[in-house]
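Q: okay, structure incoming, though there's no sequence with it:
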């Protein structure tokens with residue numbers, strides 16, 4: 001276990017790590033790689049740069065800086081996050097990662113709700129967390145929207161609880177191997193059924209199918225997906241954060257593009273610094289209280 005578990009390798013995560021490391025805390029950063037910086041051809045509008053750098057070059061410089069101070073970088077795709085009463089536990093495809101405090105810095109979720117009305121049905125039959133909501137669909141028929149490892153994780157959470165699980169790929173090809181008891185429908189979707197509450201889906205071919213619930217698991221789990229799983233409160237689709245970027249779950253912070261707002265490296269670094277300092281203060285507080 002590390003003192004601080006940071007989800008994401010980008011500017012916000014590395015910035016938070018630098019502050020924690022210089023306070024003699026151990027830090028593990030878990031992520032899939034460079035992220036949005038990989039697509040940045042040249043970065044010029046950043047303080048202190050004497051010459052433009054590519055996004056990858058800036059990322060590598062930050063990573064070396066953190067590694068020099070003792071940071072540990074892990075490469076994995078996370079599917080779950082929860083607090084076990086003592087520490088945060090993140091589950092990935094390759095392993096499990098723990099931290100006394102956790103900072104989510106995965107960057108902005110590039111995926112969008114692919115169907116009209118989906119956002120309005122959140123909490124009314126549309127869910128983004130199988131661990132949180134499977135209980136409400138005991139012995140009922142549900143659908144999972146997705147085609148990859150994250151969708152597989154959600155299916156496996158639902159199968160022991162619900163009546164049946166149908167995977168809706170919306171035309172996408174499968175990138176994971178699903179259990180035989182998961183029905184798979186690859187047809188493109190055109191919309192959702194229901195007025196004010198989810199009742200099913202409509203396919204491009206004009207046919208319809210009723211479901212009791214829809215679990216959205218597109219691509220990889222975003223910071224906000226993981227925050228929901230850990231129990232953080234949301235308002236209008238955004239995690240509720242205090243001035244130190246802490247969620248409503250004590251010790252769980254968010255920083256960078258995943259918080260919304262201006263998607264710039266300078267902003268991400270600044271939010272990472274605030275979250276990193278706040279995590280230091282949080283850990284000192286709980287350790288002083290424990291004696």
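A: Received it, and whenever you're ready, just let me know what you need. All values reported here derive from a predicted model rather than from experimental measurement.

Q: can you report how many residues lie near residue 70?
A: For residue 70, the neighbour count with other Cβ atoms under 10 Å is 13. All C-beta atoms are positioned from the backbone trio N, CA, C, and that covers glycine.

Q: quick one, grab the pLDDT at it.
A: On pLDDT, residue 70 comes in at 97.

Q: what sits against it?
A: 21, 26-27 (Cβ atoms under 8 Å, 6 or more residues apart in numbering).

Q: same question, residue 81
A: 7, 88-91, 102, 226-227, 229-230.

Q: Three-state assignment for the residue of the chain positioned farthest from its centre, please.
A: Within the chain, the residue lying farthest from the chain centre (Cα atoms, centre = their mean) is residue 50, at 34.2 Å. The local conformation at residue 50, judged by DSSP: H, G, I helix; E, B strand; the rest coil, is coil.

Q: what's the spacing between it and residue 58?
A: Using Cβ to Cβ, to the nearest Å, one gets 13 Å for the distance from residue 50 to residue 58.

Q: and residue 222, by the same measure?
A: Distance of residue 222 to residue 58, given as Cβ to Cβ: 22 Å.

Q: so where's the stretch 1-150 of the chain uncertain?
A: Applying pLDDT under 70 to the stretch 1-150 of the chain flags the ranges 39, 41, 108-113.

Q: can you tell me the closest non-neighbouring residue to residue 266?
A: Take residue 266 and drop its neighbours on the chain: the residue closest to it by Cβ to Cβ, 6 or more residues apart in numbering is residue 46, 6.0 Å away.

Q: for that neighbour, grab phi and psi.
A: phi -130, psi 130 (degrees, to the nearest 10).

Q: and it, how many neighbours?
A: 14.

Q: then the one 3 residues further on?
A: A total of 12 residues lie near residue 49 under the criterion other Cβ under 10 Å.

Q: is it in contact with residue 61, as I believe?
A: No: the pair residue 49 and residue 61 fails to qualify as a contact (Cβ atoms under 8 Å) at a distance of 10.2 Å.

Q: those strands in the stretch 151-291 of the chain, which residues are they?
A: Along the stretch 151-291 of the chain, counting by DSSP state E, counting those that start in this stretch, strands occupy 164-168, 182-185, 189-193, 200-203, 208-210, 213-216, 234-235, 238-239, 252-254.

Q: that's a strand at residue 79, yeah?
A: Yes: assigned with three-state DSSP, residue 79 falls within a strand.

Q: out of the strands of the stretch 151-291 of the chain, which gets nearest to residue 121?
A: Nearest to residue 121 among those is strand 189-193; the distance by Cβ to Cβ comes to 6.5 Å.

Q: tell me how many other residues crowd residue 7.
A: Per other Cβ under 10 Å, the neighbour tally for residue 7 reads 29.

Q: pull the number of nearby residues for the closest residue to it other than its chain neighbours.
A: Sequence neighbours aside, residue 104 is the residue nearest to residue 7 in space, at 4.9 Å (criterion: Cβ to Cβ, 6+ apart). Neighbourhood size, residue 104 [other Cβ under 10 Å]: 34.

Q: does residue 104 touch residue 226 like I think?
A: Yes: Residue 104 lies in contact with residue 226 (Cβ under 8 Å); the separation is 6.3 Å.

Q: where do the contact lists of these two overlap?
A: Residues touching both residue 104 and residue 226 by Cβ under 8 Å, 6+ apart: residue 7.

Q: next, the contact list for the nearest residue in space to residue 248 that is not next to it in sequence, please.
A: Excluding the flanking residues, the one nearest residue 248 by Cβ to Cβ, 6+ apart is residue 233, at 4.2 Å. With contact set as Cβ under 8 Å, 6+ apart, residue 233 has these partners: 239-240, 247-248.

Q: can I get those in CSV with neighbour count, pLDDT and distance to residue 13?
A: Putting those into CSV (neighbours: other Cβ atoms under 10 Å; pLDDT from 0 to 100; distance: Cβ to Cβ, whole Å) gives the following:
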residue, neighbour count, pLDDT, distance to residue 13
239, 22, 84, 16
240, 13, 90, 21
247, 21, 94, 16
248, 15, 94, 21
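
Q: from the residues you listed, which is closest to residue 259?
A: Nearest to residue 259 out of the contacts of residue 233 is residue 239 (Cβ to Cβ; 7.4 Å).

Q: measure that closest one to residue 103 for me?
A: To residue 103, residue 239 is 13 Å away according to Cβ to Cβ.
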